[in-house]
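Asks: Model the structure of this input:
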Amino acid sequence: MPKKKVAPPAQEVSELLQLRAQLTELTERERRLQADYQNIVRRTREDKLAHSKLATKQVMSDLLDPLTHLSLANKQIKDAGLTMVIDQLWKVLANHGLEKLDVLGQQFDPTTMEAVESSTTSDTAVVSSVIQPGYALHGELIQHAKVVVS
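Replies: Numbering: from 1, shown residues only. Model (predicted):
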């Protein structure tokens, strides 16, 4: 004789439904917390990178003037040992992302250049000489080139 299926009591069905709802809620909560954690990790990584870039940018900016002055002094002194050290310093800075802007003969660009003297009123001014070179660090401008345009 086959057994008849007995319907579970209403209380058990109610508990089962509550447990399923609770399981769904906790699963969603876990997903949200996991996403929040991943966002925190990503933001922390981005913040560290931004702070590192800012510190590098500041150090590079601080080194540019003394190193430029040292290079100018070396042109007067013409010491082979000093030339070697200065060249080595510029190489190290270049290896860390510093690049000198090549502006001589280029059309004047106010986003990367500062005109200290101009002998033209035309919109197509061209850089005729560079008073002070401009520099970029990893493609981001850190010092405008001071130029004469004509």
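Asks: Might one say that G97 is in contact with L137?
Replies: Yes: checked against C-beta atoms under 8 Å, the pair G97 and L137 is within contact range at 5.2 Å. C-beta coordinates here come from the backbone N, C-alpha and C atoms, glycine included.
Asks: May I ask you to name the longest helix in the chain?
Replies: Taking DSSP state H as the assignment, the helix of the chain that covers the most residues is helix 10-77.
Asks: What residues of the helix or strand that it is followed by count as buried?
Replies: Per DSSP states H and E, the first helix or strand lying C-terminal to helix 10-77 is helix 80-95. By 16 or more other C-beta atoms under 10 Å, the buried positions in helix 80-95 come out as I86, L93.
Asks: likewise stretch 61-81?
Replies: Under the neighbour-count criterion of 16+ other C-beta under 10 Å, stretch 61-81 has L64, S71, N74 buried.
Asks: Quickly name whichever of those is closest to V147.
Replies: For these, the residue nearest V147 by C-beta to C-beta is L64; the value is 16.3 Å.
Asks: and the closest residue to V149 other than its chain neighbours, what does it touch?
Replies: Nearest non-adjacent residue to V149, counting by C-beta to C-beta, 6 or more residues apart in numbering: A125, 4.0 Å away. A125 makes contact with Q107, F108, A115, S118, V149, S150, according to C-beta atoms under 8 Å, 6 or more residues apart in numbering.
Asks: Quick check: phi and psi at A125.
Replies: Dihedral pair for A125: phi -70, psi 140, per degrees, to the nearest 10.
Asks: separation between it and L49?
Replies: 38 Å (C-beta to C-beta, to the nearest Å).
Asks: Just to check, H144 is in contact with E114?
Replies: Yes: between H144 and E114 a contact is recorded at 4.5 Å, counting by C-beta under 8 Å.
Asks: can you confirm A115 is in a strand?
Replies: Yes: using DSSP: H, G, I helix; E, B strand; the rest coil, the secondary structure at A115 is a strand.
Asks: For it, which residues count as its bridge partners?
Replies: For A115, the beta-bridge partners are V147 (DSSP bridges).
Asks: Can you report how many residues neighbour it?
Replies: 17 (other C-beta atoms under 10 Å).
Asks: Let me see the backbone angles for P110.
Replies: According to degrees, to the nearest 10, P110 has phi -70, psi -10.
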